[in-house]
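Chemist: Predicted model and sequence below, questions to follow.
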Amino acid sequence: MNISEQLKVYFVMGSTNCINHDPEKTLAEAINGGITLFQYREKGEASLTDENRVYLGKKLRALCKRYSIPFIVNDDIELALELESDGVHLGQDDDAPLVAKKRIKNHMIIGLSTHTVEEAKLAVTAGADYIGVGPMFTTKTKTDAHEVVGPTLISHIRAAGLPDFPIVGIGGITIHNALEVYQSGANGIAVISSISHASSPREAAEAFNTLR
Ligand code: 3NM
């Protein structure tokens with residue numbers, strides 16, 4: 001599977017996003033339901049730190065390895081290396097992708113969050129392997145999220161000279177609006193709460209996976 005295909009149902013999660021089941025069970029269920037990629041995002045108030053962060057990361061990493069699901073770490077290159085992750089996802093404030101790629105010896109997938117056409121184009125020249133575009137819709141999960149850009153930004157990025165570059169939409173995506181994101185030209189949808197808050201993360205993941 002190439003990265004464009006792996007973005008199809010991109011599940012993002014950390015311990016604070018899990019309300020009905022513990023993180024391992026939540027991820028195991030989501031994998032069972034058909035997620036295609038996982039990002040470990042241990043961030044925000046009450047998130048795990050230091051060895052607890054590494055400990056949970058190792059468990060989730062092992063789970064992904066067992067089921068051949070690519071495992072990506074949010075923001076932290078050192079943690080990504082320690083967990084032997086398949087990639088790292090960076091924000092606009094983090095290391096430029098080319099620098100990051102050098103530090104991780106070129107073998108990891110690099111994702112970058114973008115919020116404008118300009119940032120998307122710069123991400124490609126900076127060496128990102130895929131971009132996240134968001135927020136697609138209003139989200140309660142990320143307190144410092146940008147203003148909603150909507151799926152139309154993805155169509156604009158496609159039209160601005162990036163017809164094939166791997167793109168995943170993120171932010172406020174539910175089973176009811178996900179199709180709109182795919183139809184705007186995204187290769188995939190990235191979700192936190194629609195899967196992690198579900199009473200059955202397996203059924204939620206399955207619904208996203210069979211949508212398209
Ligand atoms: N990044 P939910 S929005 C992690 O716009 C993240 O870049 C965003 O959570 C961006 O699926 C977001 O629960 C939160 O809305 C996504």
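Modeler: Okay, I see it.
Chemist: Buried ones in the helix of greatest length in the chain, by neighbour count?
Modeler: Looking across the chain with DSSP state H, the single longest helix is helix 50-66. Buried positions in helix 50-66, judged by neighbour count with 16 or more other CB atoms under 10 Å: 53, 54, 56, 57, 60, 61, 63, 64. Where C-beta positions appear, they are placed from N, C-alpha and C, glycine not excepted.
Chemist: Residues of this structure that sit close to the ligand?
Modeler: Residues of the chain lying close to the ligand (CB under 6 Å from any ligand atom) are 12, 113, 132, 134-135, 139, 141-142, 145-146, 170-173, 191-194.
Chemist: just the buried members of those?
Modeler: By 16+ other CB under 10 Å, the residues of the chain next to the ligand give 12, 113, 132, 134-135, 139, 141-142, 145, 170-173, 191-194 as buried.
Chemist: doesn't residue 3 make contact with residue 109?
Modeler: Yes. Look at residue 109 against residue 3 with CB atoms under 8 Å: they come within range, at 6.2 Å.
Chemist: Can you pull the residues that touch both of those two?
Modeler: 129, 130 (CB atoms under 8 Å, 6 or more residues apart in numbering).
Chemist: Among those two, which residue is more densely surrounded?
Modeler: It is residue 109, of residue 109 and residue 3, that has more neighbours when counted by other CB atoms under 10 Å, with 21 against 17.
Chemist: list the contacts for the more buried one?
Modeler: 3, 70, 72, 86, 87, 88, 129, 130 are the contacts of residue 109 under CB under 8 Å, 6+ apart.
Chemist: for it, phi and psi?
Modeler: Dihedral pair for residue 109: phi -70, psi 140, per degrees, to the nearest 10.
Chemist: What distance do you get for the nearest residue to it once chain neighbours are set aside to residue 175?
Modeler: In space, and not counting its chain neighbours, residue 109 is closest to residue 87: 3.0 Å by CB to CB, 6 or more residues apart in numbering. Noted for residue 87: a distance of 26 Å to residue 175, by CB to CB, to the nearest Å.
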